[in-house]
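[1] just the structure for this:
(2 chains)
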Number of protein chains: 2
Amino acid sequence: MYGVYIFVITMPTPSNRGLSMPSSPIRKLTPFAEQAKKNGIHIYHLNIGQPDIETPQEFWDAVKNINLKVLAYSPSSGFDDLRIEYAKYFSEKRGLPHINFEDILITTGASEALLFTMLSIFDAGDEIIGTEPLYANYVGYAKSAGVIMKAITTHFEDQFSLPSIDDFEKAISERTKAILICNPNNPTGYRYSDDELDRLKDIALKHNIFIISDEVYREFSYSDIPYKSMLSYPEIEQNVIMIDSMSKKYSACGARIGTVVTKNKDVLDTILKFAQQRLSPPTVEQIGSKALFNVNDEYFKIVNKEYILRRDTLVDGLNSIKGVKCHSPKGAFYCMVQLPIRDSDHFCQWILESFSYEGGTVMMAPGTGFYSTEGLGKNEVRMAYVLQVEELKKAVRCLEKGLEKYQLLFPEFAK
Amino acid sequence: MYGVYIFVITMPTPSNRGLSMPSSPIRKLTPFAEQAKKNGIHIYHLNIGQPDIETPQEFWDAVKNINLKVLAYSPSSGFDDLRIEYAKYFSEKRGLPHINFEDILITTGASEALLFTMLSIFDAGDEIIGTEPLYANYVGYAKSAGVIMKAITTHFEDQFSLPSIDDFEKAISERTKAILICNPNNPTGYRYSDDELDRLKDIALKHNIFIISDEVYREFSYSDIPYKSMLSYPEIEQNVIMIDSMSKKYSACGARIGTVVTKNKDVLDTILKFAQQRLSPPTVEQIGSKALFNVNDEYFKIVNKEYILRRDTLVDGLNSIKGVKCHSPKGAFYCMVQLPIRDSDHFCQWILESFSYEGGTVMMAPGTGFYSTEGLGKNEVRMAYVLQVEELKKAVRCLEKGLEKYQLLFPEFAK
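    Prediction:
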């Protein structure tokens, strides 16, 4: 007898949680960028918030002067002297005199701070309310913790300002345990007004829920009105969990040193248990980070002057292109840009894969990755203005040429 | 009218997941140790696996020679050159020629490797089988991922050897997706025989489940029989997820550089998504870690000679105390010790809080923290022999005196 024998080799497979986890919208185009580079094409990286500003020398000096024999674990909550410096920064320089080192736990980046916060305040099936467009990794942390992210849509036409109290109240259910904001906002660059923050405070009080306030872009604030932290409201000091990081502030993204700050002792004690499981944040990078608090605030003035120049260069350039619209953001170093396209994923891949102008092309993050609501963001991209002015000008020109060609080639994808 | 008015200030509270998360059994006695130190008492730290061996100079030199301007993110899977060095170490030095850099993802310590692995292969409610006594943080990672840890009890009388196939098959259910082993074992110091590993291989094949093999103590192996990795079985290469770390190997615990190694591409791709969410492992510590692969294997011979001396000092000393029993472990630098007590938590706290001998006292990890089964570990403690020989001798003498006094003071807690 003849027959076909099929051998099935079974192998265990990843979880549904893992398989359904979205890839990073910021990093998923990387293979196409790498291919373009191999083809000798220069990439204007507008896709990722990796600043090109030099990390202050204080970091490098501290690291070079380390005189340890054994690279030991630090305490799980971070070195006390780093926590003390962090507390002094908040209490003496950022108008939060009530913050002391016991309110501070050092984490391996703001990413870990957010994940541990979610694990500590949510049970599986609980809900968190955010606003979209949304920093895509928030959805990932929520999914990791089994939490449902309900995102209220904010709109380009309103400069992505905070939704109304009504919108929040409609979204709040019995399972809602927190609202998450990012201020100044990634990806929109929007900086919330004091009125908007007051509204959030009222909602938190009325519904007795947490506010997770991601303030990692605090120093990148292009307005004469002083920056206000959610931690500055005494009425809700037990409700607020503030996230901070050295990454953007001091152009030290690779240090992976962040913090979670809260006056809610039960919450911090709970987060500490998750922190103990991972033993400690990196030792050398904590030592370097501590030295960064010696950097004078003058540094931020110089850096912000540069970012304002870049922002204006990018925004003016973009608005000069037919069919392109962009607001001038008041904080961070991102903007959501409207393009005359119907499928930002298709366009961002196409321009990397099939287009170049004067030897270069543009890498952007497709807008779709920043929305939970299906169908939104298809005519938007997120750009980070972390390149020097001359590079930004070239990037804008390259985008303009790319859009022209794209509209000819794919009239069905163009607006 | 008079009355008593009670104002209830509500505040949002942590999650049940967070509240039910156990504190680290290794670190929870820290406040008592700190108080003892304040009272001028020297602590013999047998509680924590923080080696006192010097971190090789290669690490410090690499860090001091860093010549970067911007401390940028690394790739989410770690620097390629570190992954290549790690792969060479496995393929050229550790008998795993089929491992290449694409099978390797750099994590922020083995802790993160374990958490991401669990998030990637388990859905909430799935089951993992371990053996107890168990490294306590495994339970924490499982709880973080919503996974049920079923621990099969292993016994002091059997030197904590691997349970029988029968015991495993009784524990396996439809929800079982993985078996987790630590080899050489923390906390028992047991090193699995090739026969025992063969049995695990058969179970993985028969039930088509994962083996998570934590091999961070690979180099601490006090036997003439070569160490065998679970990754050396071609039949189950799709089933095995191996965890490794620089921490213990090179006495670089504070670097927080670990890795997950697997030939299962779907699993590694899934883990990468979690890795992308946390952006990257620490940059400086990756650069230092890469240089550690230049350390000659002669280093491990010297280190192991020292650990064998320490082990023998500790184990012989302990067995000379009336009522104390300890096996001589074949790997790692831990042992589970039977003491003539009925409540290891009470004893470990008492000896820190209320006892000293010649100005010192002993910090140990209560055995209860290493068992999931209620009631086990009450007459056991875990000790790490990470102190120099003379210190170990003093610690043993101190423990002996402490036990004598404890038995007089608390006959109801003594055996």
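[2] how many other residues sit next to A:G78?
    If you count neighbours by other CB atoms under 10 Å in any protein chain shown, A:G78 ends up with 26. C-beta here means a position set from N, CA and C on the backbone, and glycine is covered the same way.
[3] can you map out the strands along the stretch 201-350 of chain A?
    Assigned by DSSP state E, counting those that start in this stretch, the strands in the stretch 201-350 of chain A fall at A:210-214, A:240-245, A:258-261, A:334-338.
[4] turn these into CSV, columns for mean neighbour count and distance to B:K301.
    Formatted as CSV, these follow (neighbours: other CB atoms under 10 Å in any protein chain shown; distance: least, CB to CB, whole Å):
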stretch, mean neighbour count, distance to B:K301
strand A:210-214, 25, 49
strand A:240-245, 26, 42
strand A:258-261, 26, 40
strand A:334-338, 24, 53
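[5] and those: which comes nearest A:F274?
    For A:F274, the closest of the strands of the stretch 201-350 of chain A is strand A:258-261, at 10.3 Å, according to CB to CB.
[6] tabulate the strands of the stretch 201-350 of chain A (a markdown table), appending distance to B:Y385.
    Output for these, formatted as a markdown table (distance: least, CB to CB, whole Å):
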| stretch | distance to B:Y385 |
| --- | --- |
| strand A:210-214 | 43 |
| strand A:240-245 | 38 |
| strand A:258-261 | 35 |
| strand A:334-338 | 52 |
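[7] out of those, which gets nearest to chain B?
    strand A:210-214 (4.9 Å; CB to the nearest CB).
[8] now find how far off-centre that closest one is within its chain.
    14 Å (CA atoms, centre = their mean, to the nearest Å).
[9] that strand vs chain B: in contact?
    Yes: using CB under 8 Å from any CB of the partner chain, strand A:210-214 comes into contact with chain B via A:F210.
[10] which helices and strands sit right next to that strand?
    Secondary-structure packing of strand A:210-214 (3 or more CB pairs under 8 Å, 6 or more residues apart in numbering or on different chains; DSSP states H and E): helix A:109-121, strand A:176-182, helix A:194-207, strand A:240-245.
[11] which of the ones you listed sits closest to chain B?
    Short answer: helix A:109-121, nearest of the helices and strands packed on strand A:210-214 by CB to the nearest CB, at 4.1 Å.
[12] ok, now which ones touch A:T270?
    By CB atoms under 8 Å, 6 or more residues apart in numbering or on different chains, A:T270 lies in contact with A:S120, A:I121, B:P14, B:S15, B:G18, B:L19, B:M21.
[13] what segments of chain A are helices?
    A:16-19, A:30-38, A:57-64, A:80-88, A:109-121, A:136-144, A:165-171, A:194-207, A:265-277, A:283-292, A:298-319, A:344-354, A:389-409 (DSSP state H).
[14] rewinding a little: ok, which pair from the contacts of A:T270 is furthest apart?
    Pairwise over the contacts of A:T270, using CB to CB, the maximum falls at A:I121 and B:M21, 12.4 Å.
[15] so for the two, which residue has more residues nearby?
    A:I121 (28 against 22).
[16] ok, the more buried one to B:T13 distance?
    Here the criterion is CB to CB, to the nearest Å. By it, A:I121 lies 8 Å from B:T13.
[17] returning to what we had before: CSV for the contacts of A:T270, including distance to A:L162 and pLDDT?
    Converted to CSV, the contacts of A:T270 look like this (distance: CB to CB, whole Å; pLDDT from 0 to 100):
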residue, distance to A:L162, pLDDT
A:S120, 25, 96
A:I121, 22, 97
B:P14, 27, 92
B:S15, 26, 91
B:G18, 28, 91
B:L19, 32, 90
B:M21, 34, 88
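[18] what subset of those is buried?
    The neighbour-count criterion (16 or more other CB atoms under 10 Å in any protein chain shown) marks A:S120, A:I121, B:P14, B:S15, B:G18, B:M21 among the contacts of A:T270 as buried.
[19] how far away is the nearest residue to A:D194 once chain neighbours are set aside from chain B?
    The spatially closest residue to A:D194, leaving aside those adjacent along the chain, is A:K228, at 5.6 Å (CB to CB, 6 or more residues apart in numbering or on different chains). For A:K228, the distance to chain B (CB to the nearest CB, to the nearest Å) stands at 21 Å.
[20] A:K228: how many residues sit nearby?
    19.
[21] mind putting the contacts of A:T270 into CSV with distance to A:S247?
    Listed next are the contacts of A:T270 as CSV, based on distance: CB to CB, whole Å:
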residue, distance to A:S247
A:S120, 22
A:I121, 23
B:P14, 26
B:S15, 27
B:G18, 25
B:L19, 30
B:M21, 27
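[22] list just the nearest of those residues to B:R342.
    Nearest to B:R342 among those: B:M21, at 26.7 Å, using CB to CB.
[23] list the contacts for the closest one?
    Neighbours of B:M21 in contact, by CB under 8 Å, 6+ apart: A:T270, A:K273, A:F274, B:G140, B:K143, B:S144.
[24] repeat that with 7 Å
    Applying CB atoms under 7 Å, 6 or more residues apart in numbering or on different chains to B:M21 gives the contacts A:K273, A:F274, B:G140, B:K143.
[25] equivalent analysis for A:P56, please.
    Neighbours of A:P56 in contact, by CB under 7 Å, 6+ apart: A:Y250, A:L292, A:V295, A:Y299.
[26] surely A:Y233 touches A:D202?
    No: contact criterion CB atoms under 7 Å: A:Y233 and A:D202 do not qualify, at 9.9 Å.
[27] higher neighbour count, the two?
    More crowded of A:Y233 and A:D202, by other CB under 10 Å: A:Y233, with 19 against 15.
[28] which ones are touching the spatially closest residue to that one that is not a sequence neighbour?
    Sequence neighbours aside, A:K201 is the residue nearest to A:Y233 in space, at 4.9 Å (criterion: CB to CB, 6+ apart). By CB under 7 Å, 6+ apart, the contact list for A:K201 reads A:Y233, A:E235, A:I236.
[29] how's chain A carved up into domains?
    A:17-53+A:298-413, A:57-292 (automatic domain parsing).
[30] just these: most buried one?
    domain A:57-292 (a mean of 21; mean count of other CB atoms under 10 Å in any protein chain shown).
[31] can you list the low-confidence ranges for chain A?
    Along chain A, the model assigns pLDDT under 70 to residues A:1-10.
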